[in-house]
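Trainee: Quick check, what structure comes out for this input:
(chains A and B)
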Amino acid sequence: MHQHSSSRVPLSRRSALAVLTAAGALLLSACSGTPAADTPAAGTPASRTGAPVDGGTLRYAVAGSPATASDDPHGGLGNESDVLRFALTYDVLTVPGEDGRTRPRLATSWKPNAAMDRWTLTLREDARFTDGTPVRAADVLYSLRRIGGKAAENYGRLADFDLKKSTAPDEHTVVLATRAPMADAPRALESVTFVVPEGTEDFSRPVTGSGPYRVKQTGAQGAVLTRNDTWWGERPHLDRIEIQAVADPQARASAVTAGQADVAGSVSPAAVKSAGTSEKTRVVRRGGVTEYPFVMRLDTKPFDDPRVREAFRLAADRKALVDTVFLGYGKVANDLPTPYDPSAPKDLPQRTRDVAKARKLLAQAGHADGLSVTLHTTTSYPGMDTAATLYAQQLADIGVDAEVKVEPADTYWTAVYAKKAFYTGYYGGISFPDLVRVGLLSASPTNETAWRSRTFDDGFARAMATANEARRGELLSGIQRELWKDGGYVVWGTGDGLDLAAPTVRGLPDGPGFQRMFIDQAWMAR
Amino acid sequence: MSRSVAFLSLSAARARRTAPVAAAVVLLVCVPLGRYAAPHPPERTVAAPWTPPGGRHPLGTDVLGRDVLSRVLAGGTQLLTLSLLAAAVAVVCGTALGLAAGWSGGRVARGVRALGDLLLAVPALVLALVLATALPGATAVVVAAVLAGAPLTARVVGTQCAYLRDSGHVHAAVERGESTPAVLVHEVLPNLRRLVAADAGLRLVTALQIAAALAVLGLGPQPPEPDWALMLSENLPGAALNPWALLAPAVPLAGCAWAFAATAGTVAHTPREAV
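Mentor: Residues are numbered from 1 along each chain as shown, chains lettered A, B, ... in the order given. Coordinates of the predicted model:
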C-alpha cells in the first residue's frame, strides 16, 4: 500500500514535500505523534501475555523495489525495505512512543534554552559501533549535518535545524540550534536520525552501525540481519531477521498467507479483508496513517464564502466514507487535519451529516439553484479516487454538482496539489506543528487552503516558544479550533496502516509513523 | 446418413457465419437500452463495497458498493458510440485516400503509401497515449484510431482500386465520358463494398481497444460513469473479494471485440451467392 517511491515526487516541491507527499509522509510520519492505537500488537491481548521466547528467524516482506534501493540512511528513504534495515542496524537519537510522546534512544535526555531555539542533548555512554569504537557526539553531529546537506534528496528533513551553528561540546553532548523557537525539536529527531561513524563517505555498501542488529548480507531484493550481541539496549529476541523487498502490496499479503513470509508490512484493506477469513494470519492496525482530506481554497470562489465551506463539511457522510474507502479499517474524523496529534482538541462536537442545514447555508450564500464544482483526485494512493467519487455522490444530495476528475498520478502533485480550488489531498501521519510550518502559516511554502490568519500565526509562534508542555498543548489546540470552525479542510476520516502477520509473531510495534520499523523487540512464539 | 451429415455441416457453417453478425447486431441494439433494465441506479452506493453476489445484487457490488449488474447494463454505450464514430472516420478517410492513390497511381500513390508507413510505424496505443496528454480522451481515441487505421484501409482499398481501374466496365464508363468522381462512386466503390465492410469491422476492433485502454488508464470517462473499461481498473483491488465486479464488465467488452472481428471475417469470406 505504501509504495513510497521518492522518484515519483518532483524535487521542486522540496520544502512542502517534507511532509505532504509520498516520500515526505514516509519520512516525517516518524515525527508525528498518534495516540496509542487501542489495538495491541499483532491483534489480540493474548499475544502479549506469554513471556517472550528467544531465538528464531523472522521473515519480513516490506515495500521496496530494487530500482530505488539504497545503502545511504541519510537520503530519500524511498524504500521501506531500506528503512527497516536502517532502523535495525543504526541507532537514532529519539523514537516515537506508543502514546505519541518522544522516547529516548541514543539521546537519554534533552533540555532547551529559555528561547527554545537551543537544545542540549545528552547521549548514552555505552553505545558502540559494531567495530568496537564508541559512538561519540562528533558522530551524531556528522550524521545530522550529512542529513542536512542532503536536503534536496530528503525533502529538507532537518531544514528547521541550523546545523552549522550546532556543536558537540564534549564526547556525549550535542547542542542543536533551530532556526526559530521549536518546542517540538525532539520529535523532529525521531526515527530518522541514523548515526554513522564520523567521516564516513562511501555509502555504496552498508556502513557500520551501532543498532540492535548487524548486516550479514544485503542485495537489491532484501537483507539478512543477525543480532548484535554488543548492543546497549534490551537484548533482542530474534536471532535473525530476513528482509524481503516486495513492491506489490498484494504480493506481500500473499507471501504471508502462503507461508513464505511471517510479516507483510503496509497492505491494502482489501488484502486484509480477503485474508481475514483464513486462520493463518492476524492483523496489526496502526491508527492515523492515511488521510485523504478534501481541500478547499479560501481565496477562490465559491470557497471564499465560509457558509459554502460549512455546507461542504456538513454534506460528508463520514462513516460511509471510512467504511467504503478504508473498508472500515479507520476512524471518522472531525475536520481537524491531524486528529491523531496529541495536541488535537478533544472537546469539539463531532460534525455529522446535515443535508437540510447544508442546503440552507448554500441558499444563504446565493447558491439556491445549485452549484457546480470540479473535484480533482488521482490514483497515487489506493482509495483516493474512490473517496472523491463517493463524496461527489454525497454532495449531490445538498444540490452540488461535483464533477470528479481523476488526474494522472505523475503530475498530480505538481499540477493539482496546492493549485486547484478543490481537490483530494493526502497526509501520511504528519504532526500538527509540521503541517502548520509547511501549509498553514501565512508565509508557508505550500499553503494549500490559502489559510491566512494573524491569530493563527501568532498562536503557533507562541506555542513553539513555550517550554511548558501543558500550556503549549493548550495553545496548539486553541489554534486548531479556529481551523475546525473556518478552515479549508474536509477531514472525514483516517485510515489505519495495516500489516499482516503469521499468528506466531509477537510484539510488533503498532505506534505512529516509523515506529513500525523498530521491530527489535519482536519475537516468535513456538 | 451422409446427407444428414452434409446438412449438419452446412448448418454449422451457416451458424458460424451468422452467429457473429447476430451477436454484433444484438449488442448494438441492446447495449444502449441496457440502462433501462438496470435494477438499481448505477451511480449510487446501495450496499457495502465488494459484497459478493446474492439476493438483491446478482453480481454483487463494486469498490463503492454500487450494483455491478446495473453498472454493466448501463455501461458500454459511450464506449461503443465512440468506437463506431472513430471507426467510421477512419474508414471514410482511409477509403478516400485509397481511391485517390489507387486511381491516380504514380506519385500520389507513393506519397500516400509513405505517409501510411510512417504512421504505421508508431504503435496505436503509444499514439493514443501521446495524444491523450494534449486532447480530451474521446478526441484522442478518434484521432488515434484514424491515424492508426486509415493507412491500413487506404492500403487495401488502393490496391483493389488500382486493379479495378483496368477492368472492362470501368474502362467503358471512362470512355462514355463520365467524370472521375462519378466513375469512382458508381463503378469502383460498389465493387469494394465487401472489402470496406470487412475492413470497417477491424477498424472498429482497433478503436474499441484504444478506447478501452485509455479508459483503463483513467484517461477516458471519469467516475462515476459506468464504463466497462473503467470498471476494470476501479475493481481490480477487490478481485479477491468480489471477482464478479471484474469479470462482469470484461465479458461484454471481450464479446464486442469478438463479435466485430468475427463479423468482419464473415463478410470478407462469405461467398458472393450466399449474401
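Trainee: Now do whatever residue of the stretch 101-250 of chain B ends up closest to chain A: how many residues are near it, please.
Mentor: In the stretch 101-250 of chain B, the residue that lies nearest chain A is B:A240 (3.7 Å; Cβ to the nearest Cβ). All C-beta spots, glycine's among them, are computed from the backbone N, C-alpha and C. Counted with other Cβ atoms under 10 Å in any protein chain shown, the neighbours of B:A240 add up to 16.
Trainee: That one belongs to a helix?
Mentor: No: secondary structure of B:A240, determined by DSSP: H, G, I helix; E, B strand; the rest coil: coil, with no helix assignment.
Trainee: Next, the contact list for it, please.
Mentor: Under the criterion of Cβ atoms under 8 Å, 6 or more residues apart in numbering or on different chains, the neighbours of B:A240 are A:270-271, A:274.
Trainee: Quick check: of those, which lies closest to A:T57?
Mentor: Of all the contacts of B:A240, A:T57 sits closest to A:A271, with 23.8 Å by Cβ to Cβ.
Trainee: excluding its backbone neighbours, what's nearest the residue nearest the centre of chain B?
Mentor: Chain B has B:L204 as the residue nearest its centroid, 1.9 Å off, counting by Cα atoms, centre = their mean. Excluding its sequence neighbours, the residue lying closest to B:L204 (Cβ to Cβ, 6 or more residues apart in numbering or on different chains) is B:A87, at 4.0 Å.
Trainee: residues contacting the closest residue to chain B within chain A?
Mentor: Residue nearest to chain B within chain A (Cβ to the nearest Cβ): A:S274, separated by 3.7 Å. A:S274 makes contact with A:253, B:240-241, according to Cβ under 8 Å, 6+ apart.
Trainee: any chance of those residues in TSV, plus pLDDT and distance to A:R472?
Mentor: Below are the contacts of A:S274 laid out as TSV (pLDDT from 0 to 100; distance: Cβ to Cβ, whole Å):
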residue	pLDDT	distance to A:R472
A:A253	90	41
B:A240	88	47
B:L241	92	45
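Trainee: what separates the nearest residue in space to B:C93 that is not next to it in sequence from B:L127, distance-wise?
Mentor: Once flanking residues are discounted, B:C93 sits nearest to B:A150: 4.3 Å by Cβ to Cβ, 6+ apart. Between B:A150 and B:L127 the computed distance is 12 Å (Cβ to Cβ, to the nearest Å).
Trainee: Which neighbours do the two have in common?
Mentor: Counting by Cβ under 8 Å, 6+ apart, the common neighbours of B:A150 and B:L127 are B:L119.
Trainee: How far does the single longest helix found in chain B sit from its chain's centre?
Mentor: Across chain B, the longest stretch assigned as helix under DSSP state H is helix B:2-37. Remark: helix B:2-37 is offset 18 Å from the chain centroid, using Cα atoms, centre = their mean, to the nearest Å.
Trainee: contacting residues for the residue nearest to B:L204?
Mentor: B:145, B:149, B:200, B:203-204, B:206-207.
Trainee: and it, what element?
Mentor: Assessed by DSSP states H and E, B:A87 sits inside helix B:77-104.
Trainee: Toward the C-terminus, what is the element adjacent to that helix?
Mentor: Downstream of helix B:77-104, the first helix or strand assigned by DSSP H and E is helix B:106-120.
Trainee: Tell me which residues are up against that following helix.
Mentor: For helix B:106-120, the external contacting residues (Cβ under 8 Å, 6+ apart) are B:97-98, B:100-102, B:127, B:147-148, B:150-152, B:154-155, B:158, B:162.
Trainee: as a whole number, average confidence for the helix or strand just after that helix?
Mentor: Following helix B:106-120 in sequence order, the next helix or strand is helix B:124-134 (DSSP H and E). Predicted confidence along helix B:124-134 averages 91 (mean pLDDT).
Trainee: Flag every buried residue along stretch A:353-363.
Mentor: For stretch A:353-363, a neighbour-count test (16 or more other Cβ atoms under 10 Å in any protein chain shown) marks A:353-354, A:358-362 as buried.
Trainee: quick revisit: compare B:A150 and B:L127 and say which is more crowded by neighbours.
Mentor: Neighbour comparison, B:A150 and B:L127: the larger count goes to B:A150, with 25 against 18 (by other Cβ under 10 Å).
Trainee: could you list every residue that touches the more buried one?
Mentor: B:A150 neighbours (Cβ under 8 Å, 6+ apart): B:90-91, B:93-94, B:97, B:116, B:119.
Trainee: and with 10 Å instead?
Mentor: Applying Cβ atoms under 10 Å, 6 or more residues apart in numbering or on different chains to B:A150 gives the contacts B:89-98, B:112, B:115-116, B:119, B:203.
Trainee: what do you get for B:T81?
Mentor: B:31-32, B:138, B:211.
Trainee: Quick check: it vs chain A, distance?
Mentor: Plainly put, B:T81 is 20 Å away from chain A if you go by Cβ to the nearest Cβ, to the nearest Å.
Trainee: re earlier: out of the contacts of B:A240, which sit inside strands?
Mentor: Judged by DSSP state E, the contacts of B:A240 include no members of strands.
Trainee: Adding pLDDT, write those out as TSV.
Mentor: Shown next, in TSV, are those (pLDDT from 0 to 100):
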residue	pLDDT
A:A270	89
A:A271	87
A:S274	84
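Trainee: Inside helices: which ones of those residues?
Mentor: Using DSSP H, the contacts of B:A240 in helices are A:270-271, A:274.
Trainee: with those residues in mind, which one is nearest to A:H376?
Mentor: For those, the nearest to A:H376 is A:A270 (23.9 Å; Cβ to Cβ).
Trainee: is it true that that closest one touches A:G328?
Mentor: No: in this structure A:A270 lies outside contact range of A:G328 using Cβ atoms under 10 Å: 11.5 Å.
Trainee: hmm, back to that, quick one: which of the contacts of B:A240 is nearest to A:P169?
Mentor: The closest of the contacts of B:A240 to A:P169 turns out to be A:A271 (Cβ to Cβ; 50.7 Å).
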